[in-house]
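Q: sequence and predicted structure are below.
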Amino acid sequence: MNTFENIPVESLEINPFERIGKNWMLITAKKGDQVNTMTASWGGLGTMWNKNVAFIVVRPQRYTKEFIDASSTFSLSFFDKKYVKELAYCGKFSGRDENKIEKCNFTVGEEKNTPYFVYLDLYKKIRFLSRIFYYMNTAYIKMIVF
(Lines give C-alpha, C1' and ligand atoms only; values in the text may rest on other atoms or scores of the structure.)
Protein backbone atom coordinates (compact mmCIF):
# COMPACT_ATOMS: atom_id res chain seq x y z
CA MET A 1 0.00 0.00 0.00
CA ASN A 2 1.37 3.40 -0.93
CA THR A 3 1.27 5.59 2.17
CA PHE A 4 3.28 8.42 0.68
CA GLU A 5 2.19 11.38 -1.31
CA ASN A 6 4.24 12.12 -4.43
CA ILE A 7 6.14 15.33 -3.72
CA PRO A 8 8.31 17.01 -6.35
CA VAL A 9 11.84 16.72 -5.00
CA GLU A 10 12.48 20.32 -6.07
CA SER A 11 9.91 21.49 -3.51
CA LEU A 12 11.76 19.95 -0.55
CA GLU A 13 13.43 22.48 1.68
CA ILE A 14 16.14 20.45 3.37
CA ASN A 15 19.75 21.12 4.13
CA PRO A 16 21.63 17.94 3.15
CA PHE A 17 24.66 19.03 5.17
CA GLU A 18 22.51 19.11 8.30
CA ARG A 19 20.27 16.11 7.52
CA ILE A 20 23.00 13.74 6.36
CA GLY A 21 26.15 15.02 8.03
CA LYS A 22 24.77 15.91 11.46
CA ASN A 23 21.43 14.13 11.90
CA TRP A 24 22.40 10.99 9.92
CA MET A 25 20.21 8.76 7.79
CA LEU A 26 19.44 5.07 7.44
CA ILE A 27 20.21 3.27 4.19
CA THR A 28 17.82 0.33 3.90
CA ALA A 29 17.48 -2.42 1.30
CA LYS A 30 15.82 -5.79 0.82
CA LYS A 31 17.32 -9.11 -0.25
CA GLY A 32 14.78 -11.89 -0.68
CA ASP A 33 12.48 -11.57 2.32
CA GLN A 34 15.12 -10.00 4.59
CA VAL A 35 15.65 -6.29 5.23
CA ASN A 36 18.81 -4.67 6.54
CA THR A 37 19.79 -1.11 7.35
CA MET A 38 22.87 0.91 8.21
CA THR A 39 23.45 4.39 9.53
CA ALA A 40 25.32 6.84 7.32
CA SER A 41 26.53 10.38 7.87
CA TRP A 42 27.96 10.71 4.38
CA GLY A 43 26.46 10.93 0.93
CA GLY A 44 24.61 13.63 -0.86
CA LEU A 45 21.77 14.87 -2.98
CA GLY A 46 22.12 16.60 -6.32
CA THR A 47 21.65 16.39 -10.06
CA MET A 48 23.43 14.13 -12.53
CA TRP A 49 22.60 13.66 -16.21
CA ASN A 50 19.46 15.79 -15.73
CA LYS A 51 18.16 13.46 -13.00
CA ASN A 52 17.70 14.18 -9.30
CA VAL A 53 20.03 11.77 -7.53
CA ALA A 54 21.22 10.68 -4.15
CA PHE A 55 24.66 9.20 -3.69
CA ILE A 56 26.06 7.00 -0.95
CA VAL A 57 29.35 5.20 -0.49
CA VAL A 58 29.37 1.78 1.18
CA ARG A 59 32.42 -0.19 2.30
CA PRO A 60 32.62 -3.75 0.89
CA GLN A 61 32.53 -5.37 4.34
CA ARG A 62 29.19 -3.78 5.27
CA TYR A 63 26.37 -6.32 5.46
CA THR A 64 23.92 -3.81 3.99
CA LYS A 65 26.00 -3.73 0.78
CA GLU A 66 24.83 -7.29 -0.01
CA PHE A 67 21.24 -6.05 0.19
CA ILE A 68 21.86 -2.97 -1.94
CA ASP A 69 23.61 -5.09 -4.58
CA ALA A 70 20.73 -7.60 -4.62
CA SER A 71 18.06 -4.97 -5.24
CA SER A 72 17.33 -2.30 -7.83
CA THR A 73 16.16 0.09 -5.08
CA PHE A 74 16.99 1.15 -1.56
CA SER A 75 15.61 3.83 0.72
CA LEU A 76 17.15 6.69 2.60
CA SER A 77 15.29 7.55 5.80
CA PHE A 78 15.74 10.77 7.72
CA PHE A 79 14.58 10.82 11.33
CA ASP A 80 13.91 13.46 13.96
CA LYS A 81 16.77 14.04 16.41
CA LYS A 82 14.90 12.08 19.10
CA TYR A 83 15.97 8.86 17.32
CA VAL A 84 19.71 9.52 17.66
CA LYS A 85 20.20 6.52 20.01
CA GLU A 86 18.55 4.16 17.54
CA LEU A 87 20.52 5.51 14.60
CA ALA A 88 23.76 5.19 16.59
CA TYR A 89 22.82 1.59 17.42
CA CYS A 90 22.15 0.77 13.75
CA GLY A 91 25.58 2.16 12.90
CA LYS A 92 27.41 0.24 15.59
CA PHE A 93 25.91 -3.24 15.27
CA SER A 94 25.62 -5.53 12.26
CA GLY A 95 22.44 -7.11 10.98
CA ARG A 96 24.56 -10.22 10.40
CA ASP A 97 24.65 -10.78 14.15
CA GLU A 98 21.22 -9.64 15.30
CA ASN A 99 17.95 -8.11 14.21
CA LYS A 100 18.86 -4.51 14.99
CA ILE A 101 15.70 -3.20 13.31
CA GLU A 102 13.60 -5.13 15.79
CA LYS A 103 15.89 -4.18 18.67
CA CYS A 104 15.30 -0.48 17.86
CA ASN A 105 11.53 -1.07 17.72
CA PHE A 106 11.39 0.23 14.16
CA THR A 107 8.45 -0.77 11.99
CA VAL A 108 9.34 -1.57 8.39
CA GLY A 109 6.90 -0.61 5.66
CA GLU A 110 7.29 -1.49 2.02
CA GLU A 111 6.39 0.24 -1.21
CA LYS A 112 7.02 -1.45 -4.56
CA ASN A 113 9.50 -3.87 -2.95
CA THR A 114 11.42 -1.02 -1.30
CA PRO A 115 11.59 -1.15 2.51
CA TYR A 116 11.34 2.01 4.59
CA PHE A 117 10.70 2.93 8.22
CA VAL A 118 7.26 4.04 9.32
CA TYR A 119 8.55 6.47 11.98
CA LEU A 120 10.41 8.98 9.95
CA ASP A 121 10.51 12.57 8.98
CA LEU A 122 11.44 12.18 5.32
CA TYR A 123 11.73 9.13 3.10
CA LYS A 124 13.27 8.87 -0.33
CA LYS A 125 12.90 5.85 -2.56
CA ILE A 126 16.00 5.55 -4.67
CA ARG A 127 16.06 3.66 -7.98
CA PHE A 128 19.22 2.37 -9.63
CA LEU A 129 20.94 4.86 -11.92
CA SER A 130 24.65 4.10 -11.73
CA ARG A 131 27.20 2.24 -9.64
CA ILE A 132 30.79 3.43 -9.46
CA PHE A 133 33.65 1.49 -7.89
CA TYR A 134 35.84 3.93 -6.01
CA TYR A 135 39.01 2.33 -4.71
CA MET A 136 37.84 -0.31 -2.24
CA ASN A 137 34.42 1.26 -1.63
CA THR A 138 31.38 1.24 -3.88
CA ALA A 139 29.66 4.51 -4.62
CA TYR A 140 26.00 4.23 -5.57
CA ILE A 141 24.35 7.02 -7.49
CA LYS A 142 20.61 6.54 -7.61
CA MET A 143 17.74 8.45 -9.15
CA ILE A 144 15.25 9.81 -6.63
CA VAL A 145 11.76 8.40 -7.15
CA PHE A 146 8.73 9.29 -5.05
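A: Cool, got the structure.

Q: how much space between G109 and G44?
A: Noted for G109: a distance of 25 Å to G44, by C-beta to C-beta, to the nearest Å. Just so you know, the C-beta spots here come from the backbone N, C-alpha and C atoms, and that holds for glycine as well.

Q: these two - which one has more neighbours?
A: The neighbour comparison of G109 against G44 (other C-beta atoms under 10 Å) goes to G109, with 17 against 14.

Q: for that one, helix, strand, or coil?
A: strand (DSSP: H, G, I helix; E, B strand; the rest coil).

Q: and it, what does it touch?
A: If a contact means C-beta atoms under 8 Å, 6 or more residues apart in numbering, then G109 has 3, 115-118 as its contacts.

Q: contact partners for T114?
A: Per C-beta under 8 Å, 6+ apart, neighbours of T114: 30, 71, 73-75, 125.
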